[in-house]
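**Q** fold the following for me, if possible:
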Amino acid sequence: MIYLNRLLIFIMKYLRYLVIILSGCSVWSLQAQNTVNPSPLASLMKNPDAGKWTLQSSIPLQFATHHTQGLLKIGDYFYLSAVEVRSWPKPYGRIINGYDRDTGDGTGRLFKFDQAGKLVAQIQLGEGNIYHPGGIDFDGEYIWVPVCEYRPFGPSILYRVDPNTMKAVKTVGCPDAIGAVAFNRSTNELIGMNWNARDFYRWKYSREGNLQFLNKEKNNHHFISYQDCQYIGNGTMLCSGLRNYRLTDGSRFRLGGLQAIKLSDYSSLWETPVPVWVGSGASLNNNPFFAEQTAEKLLLYFIPEDDHSTMYIYAVE
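**A** Modelled structure (predicted):
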């Protein structure tokens, strides 16, 4: 308990830096067109001392959300990826054919809901044992959703979804478990992160709607495991995630965080812990996340809880 208290004191000291960073970071809404936006880092340096980070509202979602994964806001609607688990994957206790667990059983879903939390539409995504959607992003026309097996190193399918019709098109497969994506609008490239975001995958998106695999590179950042990422302009993505820490008494402690990544070389522009937990005890950064810049403030959206979920909206003025 002493170590836990010390850790909490340490990370709370950094909360004010989170306020400063989020208040100055000019994160543009994903409704923007494919233009070169001002650098979030440059915006941060313009006004490093202002800002107040507060909970603006909590919206209960009026439908069964299952295990929540990725979040977007496009126009007046929100899009939430989730996995309905009927049988959780069971550990093997050893490695069998490269896997540490079985596939379990479930259904991948993408929900569309309004600003009151009412369900508008939903679709199923995936095939067979490939049923686990991850973090999602928007390219200005389509929503990109990775769906993988519910285990490390399992295969994936990448979908693009029309947000108006909710029609999904399967693009390409991947022999690795892609858990989150971000679409670089300045280069028309889709960036994928695998299980625990240990590797980056890069695909080129053509005008004909095809994805061409370009390369795979190691992720040298271990601050957080990315759960949900979004493109924020000027070749940069903002990622939300968390890490598990084992304390001296054997218990586990989950700490969330945010990190801005330069997509040209995957270097970190800044990173900050987010020492905030909701009433259920879940980290605020547990999976779904979205950032939107309005005229008055920066809005941050989180849906960290499963099944009966609440969307927490924080404002940075």
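
**Q** so which helix or strand takes in the most centrally placed residue in the chain?
**A** Nearest to the mean C-alpha position of the chain, by CA atoms, centre = their mean, lies residue 228 at 0.7 Å. Using DSSP states H and E, residue 228 sits in strand 225-233.

**Q** any idea how far that strand is from the chain center?
**A** Strand 225-233 sits 5 Å away from the centroid of its parent chain (CA atoms, centre = their mean, to the nearest Å).

**Q** who does that strand pair up with?
**A** strand 236-246 (antiparallel) (DSSP bridges).

**Q** in stretch 135-150, which residues are buried?
**A** 135-139, 142-150 (16 or more other CB atoms under 10 Å). For the C-beta atoms, the positions are set from N, CA and C on the backbone; glycine is no exception.

**Q** pull up the distance across it, start to finish.
**A** 14 Å (CA to CA, to the nearest Å).

**Q** then stretch 157-172?
**A** Separation of the first and last residues of stretch 157-172 by CA to CA is 6 Å.

**Q** okay, strands next: where are they in the stretch 101-250 of the chain?
**A** Using DSSP state E, counting those that start in this stretch, the strands of the stretch 101-250 of the chain run over 105-113, 119-125, 130-133, 137-138, 143-149, 156-161, 168-174, 178-184, 189-194, 199-205, 211-218, 225-233, 236-246.

**Q** next secondary structure after the longest one?
**A** Stepping forward along the backbone from strand 236-246, the first helix or strand reached (DSSP H and E) is strand 252-262.

**Q** that following strand: how far from the chain's middle?
**A** When C-alpha coordinates are averaged (CA atoms, centre = their mean), strand 252-262 and its chain have centres 11 Å apart.

**Q** ok, now stretch 139-152?
**A** The chain centre lies 11 Å from the centre of stretch 139-152; the measure is CA atoms, centre = their mean.

**Q** pLDDT of that stretch, averaged?
**A** Per-residue pLDDT values over stretch 139-152 give a mean of 97.

**Q** if we can go back for a sec, would you list the strands of the stretch 101-250 of the chain in TSV and tack on distance to residue 259?
**A** Converted to TSV, the strands of the stretch 101-250 of the chain look like this (distance: least, CB to CB, whole Å):
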stretch	distance to residue 259
strand 105-113	25
strand 119-125	27
strand 130-133	22
strand 137-138	15
strand 143-149	19
strand 156-161	22
strand 168-174	23
strand 178-184	12
strand 189-194	11
strand 199-205	13
strand 211-218	16
strand 225-233	8
strand 236-246	5
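
**Q** select, out of those strands, the one closest to residue 265.
**A** strand 211-218 (9.0 Å; CB to CB).

**Q** would you give the sheet partners of the closest one, along with the direction of each?
**A** strand 199-205 (antiparallel).

**Q** quick check: buried residues in the partner strand?
**A** Counting neighbours by 16+ other CB under 10 Å, one finds that the buried residues in strand 199-205 are 200, 201, 202, 203, 205.

**Q** find the nearest non-adjacent residue to the last one, please.
**A** Same thing as residue 205. residue 188 (4.8 Å; CB to CB, 6 or more residues apart in numbering).

**Q** so where's the chain uncertain?
**A** The model of the chain has pLDDT under 70 over residues 1-52, 317.
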